[in-house]
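*Asks:* I would like to see how this sequence folds:
(chains A and B)
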2 protein chains.
Amino acid sequence: MTLEFKLRNQTEAGGRRAQLVLPHQTVETPVFMPVGTAGTVKAVPQDVLETLGAQIILGNTYHLYLRPGHEAIRRMGGLHRFISWPRAMLTDSGGFQVFSLSALRKVSDEGVRFRSHLDGSSHFFTPEHSMDVQIALGADIAMAFDECTEYPAERGRAEESLRLTMAWARRSLDHFRAHREEVVWHEELGGKTQSLFGIVQGGMYGDLRRESAERLVEMDFDGYAIGGLSVGEPREATLEMISEVLPLLPKDKPRYVMGVGYPDEIEQYARMGVDMMDCVLPTRAARHGLLFTSEGRLNIKGKKFAEDQGPPDPECNCMVCRRYTRAYLRHLMHSGEALSGTLNSIHNLAYYLEIMQRVRASLEPAPEVPSQAGSA
Amino acid sequence: MTLEFKLRNQTEAGGRRAQLVLPHQTVETPVFMPVGTAGTVKAVPQDVLETLGAQIILGNTYHLYLRPGHEAIRRMGGLHRFISWPRAMLTDSGGFQVFSLSALRKVSDEGVRFRSHLDGSSHFFTPEHSMDVQIALGADIAMAFDECTEYPAERGRAEESLRLTMAWARRSLDHFRAHREEVVWHEELGGKTQSLFGIVQGGMYGDLRRESAERLVEMDFDGYAIGGLSVGEPREATLEMISEVLPLLPKDKPRYVMGVGYPDEIEQYARMGVDMMDCVLPTRAARHGLLFTSEGRLNIKGKKFAEDQGPPDPECNCMVCRRYTRAYLRHLMHSGEALSGTLNSIHNLAYYLEIMQRVRASLEPAPEVPSQAGSA
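*Replies:* Reported below is the predicted structural model:
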């Protein structure tokens, strides 16, 4: 057993307060996971992430496979050591980026041939290869290799994609189980291994989503993700797909919705029973000058902030809001200064992580009422 | 009196250990001053600069005048408050950037007309205007407006440039003295004001340099800078010009060599009696992947570092060398990640500041020998 999911409380609405015990970190859930695409949460140093309370971050298999290469990372002791991140990590399967970033994709039952977005070189990814790469990277959690259905997709296309994803899930799991003990920190951490999550697909078709969930649960993954969301669909569709799937997932395993979302979304989904979420939004928006605050979204480029000496968010206690003004952040952005991306990202991440901390606090089990007898 | 220079020790070679008491900070000298061009030491957050032990940083008058504008900064409480830097600051006069960055310069006795490198707009800088801008910015130390002679320059050109710079120094000083009490923190800091340094010019002609120094000393500035160095001349020429000028400067005032240099240079000049130096080199080189280390210069892009798990500098105890490997810094640089500039800059600044700390320690006065009598 390599992943332990300790459910501490569940609300009537479904929200779960739990601990996810991983080889490198016990993660308090629900949790938001900052995205560290190429081995760095863009523009934010690792010690700052620690100070912000990030418990688990993502790495992108596609990017790290292409550069610096998974074998190099394995030789250097795995991704945790390579980037000096001692807490938990999760790698995606590479599937999403193969479909969104690479050129000249050719999908077959066997796998996907694609050209690198960096240098045009040709690569072939199969479920087995994705597992090998992710085992070499050595995150605490790996993801099954899936095909992400584009949006919108006709039913026939969604069915075909689901068939492929389910076959790839089976092959991912078989290969992962056969090789999970090859992870570089296996002995160092007393025989622990990575965990593998299956990914529910099925486009925006509720029945396909349910079928996908049921078949994955049969395969018995360590956890379950809902993928193929936040691909351009209306928010009601996102919500509907999550609602269809959650009741079918086992209560004693973690549930992860991939690639969401806005601040109110992550709170909403957490209260419905989603344990894990990740999204590039806080950091990507930050680099474009969009700050999430208790007063709503704030475009720091705005002329009205030119001499605004208030903090980015008056309700926020993060290291950026305690020290810098809106006018200064606007100036940095206008001047194209690197510090702009760093400070904006720190604030947005602080804002996201603070939301989840608040949600976790509200999901805590009610304190036991001490018995009157014997209290005096 | 607004600047106090407390000389604690002077070596035979001329090296001085002193304290420079400024309105916002008592600076231990000799000191290296990181350059914060547009109100940010590029890619390095202010709290990190504090942790690194930066005592005083530069702001560039030319950049801040153009964006966000000196009047805006004054309205926001001055540069210290605008960028949230509570320690000491120095602004240059804008002269160097007018000559190196702007287009279509037209120099007259009155001043310089130039076009902004940002938007082509036309501006006119005079010594008086430079003082007004620097008083609005409100750094602890302002610099006289000077013309920086290009290298190489014929004698006639250097003489003419010196004539202009001396006339501008006089006008700078007169205007500064008449308006120094207008600095925004004047009352808040109990009547303290900024200080003004004169700038020794004269190209690579020793007699012109001496003439320049003598005439500035007669004007009685608060401190003296040697400008127009590091403009492409051989290092022996830099050294010769500094050697010509230093003996002519008063012992009880700070001496600042502008825009130098490499690590061994700042150590060498400090041991000759230079109290203050600034240079973009540590941060600019960092952004290009050049690290200064105890083992010499290291181009972190090199293929040989691809799997090098050693710290950037094995002798360095900075937050980057304690946590990250050469392989990781190389990966960040190759991937074009913002964190690359940040971590490289932090290390290089740590390296420069550590050099000066070591030099200061070696310049400390010898401990007094306790008398034997009465010691038992």
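
*Asks:* quick one, what contacts A:Pro365?
*Replies:* Going by CB atoms under 8 Å, 6 or more residues apart in numbering or on different chains, A:Pro365 touches A:Arg8, A:Asn9, A:Arg17. Heads up, the C-betas are built off the backbone N, CA and C, glycines and all.

*Asks:* I figured the first one hits A:Leu20, correct?
*Replies:* I take that to be A:Arg8. No. Contact criterion CB atoms under 8 Å: A:Arg8 and A:Leu20 do not qualify, at 11.2 Å.

*Asks:* These two: which has the busier surroundings?
*Replies:* Set A:Arg8 next to A:Leu20 and count neighbours by other CB atoms under 10 Å in any protein chain shown: A:Leu20 wins out with 27 against 14.

*Asks:* Look up which helix or strand that one falls in, please.
*Replies:* Following DSSP states H and E, the helix or strand that holds A:Leu20 is strand A:16-22.

*Asks:* hang on, A:Arg322 in a strand?
*Replies:* No. The assignment for A:Arg322, made by DSSP: H, G, I helix; E, B strand; the rest coil, is helix rather than a strand.

*Asks:* Make sure it is actually in contact with A:Pro311.
*Replies:* Yes. If you go by CB under 8 Å, A:Arg322 and A:Pro311 touch, sitting 7.2 Å apart.

*Asks:* Give me the more crowded residue out of these two.
*Replies:* Legend: neighbour count by other CB under 10 Å for A:Arg322 and A:Pro311, higher for A:Pro311 (20 against 11).

*Asks:* Apart from its chain neighbours, what residue comes closest to that one?
*Replies:* Among residues not flanking A:Pro311 along the chain, A:Cys321 sits closest, at 4.1 Å (CB to CB, 6 or more residues apart in numbering or on different chains).

*Asks:* and that neighbour, what does it touch?
*Replies:* By CB under 8 Å, 6+ apart, the contact list for A:Cys321 reads A:Pro311, A:Pro312, A:Asp313, A:Pro314, A:His347, A:Ala350.

*Asks:* Need the max-distance pair from the residues you listed.
*Replies:* Greatest spatial distance among the contacts of A:Cys321 (CB to CB): A:Pro314 and A:Ala350, at 13.9 Å.

*Asks:* So for these two, which sits in the more crowded spot?
*Replies:* A:Ala350 (25 against 10).

*Asks:* Return the residues of chain A in contact with chain B.
*Replies:* Within chain A, the positions near chain B by CB under 8 Å from any CB of the partner chain are A:38-40, A:42-47, A:63, A:67-68, A:72, A:75-77, A:82-84, A:306-307, A:309, A:319, A:323-325, A:327-328, A:331-332, A:334-335, A:337-339, A:341-343.

*Asks:* how about low-confidence regions in chain A?
*Replies:* A:1, A:371-376 (pLDDT under 70).

*Asks:* Now a ChimeraX select for only the buried ones of the residues of chain A next to chain B.
*Replies:* Filtering those down to the buried ones (16 or more other CB atoms under 10 Å in any protein chain shown) takes a single ChimeraX command:
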select /A:38,39,40,42,43,44,45,46,63,68,72,76,82,83,307,319,324,325,327,328,331,332,334,335,337,338,339,341,342,343
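
*Asks:* Tell me which entries of the residues of chain A next to chain B lie within helices.
*Replies:* Judged by DSSP state H, helices contain the following of the residues of chain A next to chain B: A:46-47, A:63, A:72, A:75, A:82-83, A:319, A:323, A:327-328, A:331-332, A:334, A:338-339, A:341-343.

*Asks:* What segments of the stretch 101-250 of chain A are helices?
*Replies:* With helices called from DSSP state H, counting those that start in this stretch, the stretch 101-250 of chain A shows them at A:127-137, A:155-179, A:206-219, A:235-245.

*Asks:* Would you report the backbone torsion angles of the residue nearest the centre of chain A?
*Replies:* The centroid of chain A falls nearest to A:Asp278 when counting by CA atoms, centre = their mean (2.9 Å). Here is the backbone geometry of A:Asp278 (degrees, to the nearest 10): phi -140, psi 150.

*Asks:* That one contacts A:Gly36, correct?
*Replies:* No. If you go by CB under 8 Å, A:Asp278 and A:Gly36 don't touch, sitting 9.9 Å apart.

*Asks:* What helices and strands are in contact with the host helix or strand of A:Val27?
*Replies:* Using DSSP H and E, A:Val27 falls within strand A:25-29. Applying 3 or more CB pairs under 8 Å, 6 or more residues apart in numbering or on different chains; DSSP states H and E, one finds that strand A:25-29 contacts strand A:16-22.

*Asks:* Within the sheet, what are the partner strands of the strand it packs on, with directions?
*Replies:* With DSSP bridges as the test, strand A:16-22 is paired with strand A:4-10 (antiparallel), strand A:25-29 (antiparallel).

*Asks:* what does the last one contact?
*Replies:* It refers to strand A:25-29. With contact meaning CB under 8 Å, 6+ apart, strand A:25-29 is reached by A:16-21, A:55-56, A:86-88, A:140, A:254, A:275-276, A:360.

*Asks:* Buried members of those residues into PyMOL, please.
*Replies:* The buried residues among the contacts of strand A:25-29 can be selected in PyMOL (16+ other CB under 10 Å) with this line:
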select buried, chain A and resi 16+17+18+20+21+55+56+87+88+140+254+275+276+360
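
*Asks:* out of the contacts of strand A:25-29, what pair is the most spread apart?
*Replies:* Using CB to CB, the two most remote members of the contacts of strand A:25-29 are A:Arg16 and A:Pro86, lying 26.0 Å apart.

*Asks:* What residues does the residue in the stretch 251-376 of chain A that chain B sits nearest to make contact with?
*Replies:* Nearest residue of the stretch 251-376 of chain A to chain B, counting by CB to the nearest CB: A:Ala338, 3.9 Å away. Applying CB under 8 Å, 6+ apart, one finds that A:Ala338 lies in contact with A:Ala43, B:Lys42, B:Ala43, B:Ala338, B:Gly341, B:Thr342.

*Asks:* excluding its backbone neighbours, what's nearest A:Gly206?
*Replies:* Spatially, and ignoring its direct neighbours in sequence, A:Gly206 is nearest to A:Glu244 (4.5 Å; CB to CB, 6+ apart).

*Asks:* In this structure that neighbour contacts A:Arg210, no?
*Replies:* Yes. Using CB under 8 Å, A:Glu244 is in contact with A:Arg210, at 5.8 Å.

*Asks:* Closest one to A:Gly206 out of the contacts of A:Ala338, please.
*Replies:* Nearest to A:Gly206 out of these is A:Ala43 (CB to CB; 39.1 Å).

*Asks:* Please report the distance of A:Phe124 from B:Cys279.
*Replies:* Per CB to CB, to the nearest Å, A:Phe124 is found 50 Å from B:Cys279.

*Asks:* A:Phe292 in helix, strand or coil?
*Replies:* A:Phe292 ends up strand, using three-state DSSP.

*Asks:* Number of residues surrounding it?
*Replies:* 25.

*Asks:* quick one: secondary structure of the residue lying closest to it once chain neighbours are set aside?
*Replies:* Excluding its sequence neighbours, the residue lying closest to A:Phe292 (CB to CB, 6+ apart) is A:Tyr351, at 4.8 Å. Three-state assignment for A:Tyr351 (three-state DSSP): helix.
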